[in-house]
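Asker: Structure for the following, please:
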Amino acid sequence: MATIFVFTNRCPETIYPGVQTNPNRPAFPTTGFALPPGPDAAFPGVPAGWSGRIWGRYRCATDASGSFGCASGDCATGRVECNGAGNQAPSTLAEFTLNGQGGRDFYDISNVDGFNVPIQILPYGGQSCATVTCAANINAACPPELAARAAGGATVGCRSACGAFNTDEFCCRGEFGSPDSYYLGSGFTIMYR
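Answerer: Numbers count the residues shown, from 1 in each chain. Modelled structure (predicted):
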């Protein structure tokens, strides 16, 4: 049974969603498209078992040579379609697995590759799943050392510390590859029964 994905752009400029299907999974109906503000774009034929990532690319244009590119979230194909290429950080990721373990759908929003645009995942049509949102404009509060900037200097994304500095400490690898390697003082406590 196919799933319907509906995209709505509430940003003041055109966003170009990029789509990457995970290996050995059925393909999403597109790998990239233009999504102007306002009207929805619907893809009713997303196959059962699809799994992959969707992210927003913005501040996009076609240059004089005809090559398409984006200041944020580009997939570096030179075209609107990503054709299997992944996102270039920083970009906010919506991650999906349809008809996964136990026949259930799984989804989340990840900032592991940084942040570029707010994303919301809203199940509809009788789904009892929760809405997830990364609605804050992280770009506005991004520290200068993490900011990704467009040619004119505007912040178009906020890199993760791992992406910006590529050190074991920030990338949770090497001697920092286990939870035991961090001391955060008192931290916080979660109690449950």
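
Asker: Spit out the contact partners of the closest residue to residue 160 other than its chain neighbours.
Answerer: Distances taken as CB to CB, 6 or more residues apart in numbering put residue 114 closest to residue 160, at 4.9 Å, once the chain neighbours are dropped. Where C-beta positions appear, they are placed from N, C-alpha and C, glycine not excepted. With contacts taken as CB atoms under 8 Å, 6 or more residues apart in numbering, residue 114 has the following neighbours: 89, 90, 91, 92, 146, 148, 157, 158, 159, 160, 163.

Asker: For residue 150, see how far away residue 114 is.
Answerer: According to CB to CB, to the nearest Å, residue 114 and residue 150 sit 15 Å apart.

Asker: and what of residue 52?
Answerer: Residue 52 sits 27 Å away from residue 150, taking CB to CB as the criterion.

Asker: So for these two, which residue has more residues nearby?
Answerer: Set residue 52 next to residue 150 and count neighbours by other CB atoms under 10 Å: residue 52 wins out with 22 against 14.

Asker: residue contacts, the residue sitting nearest the centre point of the chain?
Answerer: The residue lying closest to the centre of the chain (CA atoms, centre = their mean) is residue 93, at 1.5 Å. By CB under 8 Å, 6+ apart, residue 93 lies in contact with 53, 54, 55, 87, 109, 110, 111, 112, 113.

Asker: For the buried ones among those, write the corresponding ChimeraX selection.
Answerer: Listed next is the ChimeraX selection for buried residues among those, using 16 or more other CB atoms under 10 Å:
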select :53,54,55,87,109,110,111,113
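
Asker: Just the contacts of residue 93: which are in strands?
Answerer: Judged by DSSP state E, strands contain the following of the contacts of residue 93: 53, 54, 55, 109, 110.

Asker: Same list, these, but as JSON lines with pLDDT please.
Answerer: Written out in JSON lines, the entries for those read as follows (pLDDT from 0 to 100):
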{"residue": "53", "pLDDT": "95"}
{"residue": "54", "pLDDT": "94"}
{"residue": "55", "pLDDT": "94"}
{"residue": "109", "pLDDT": "91"}
{"residue": "110", "pLDDT": "90"}
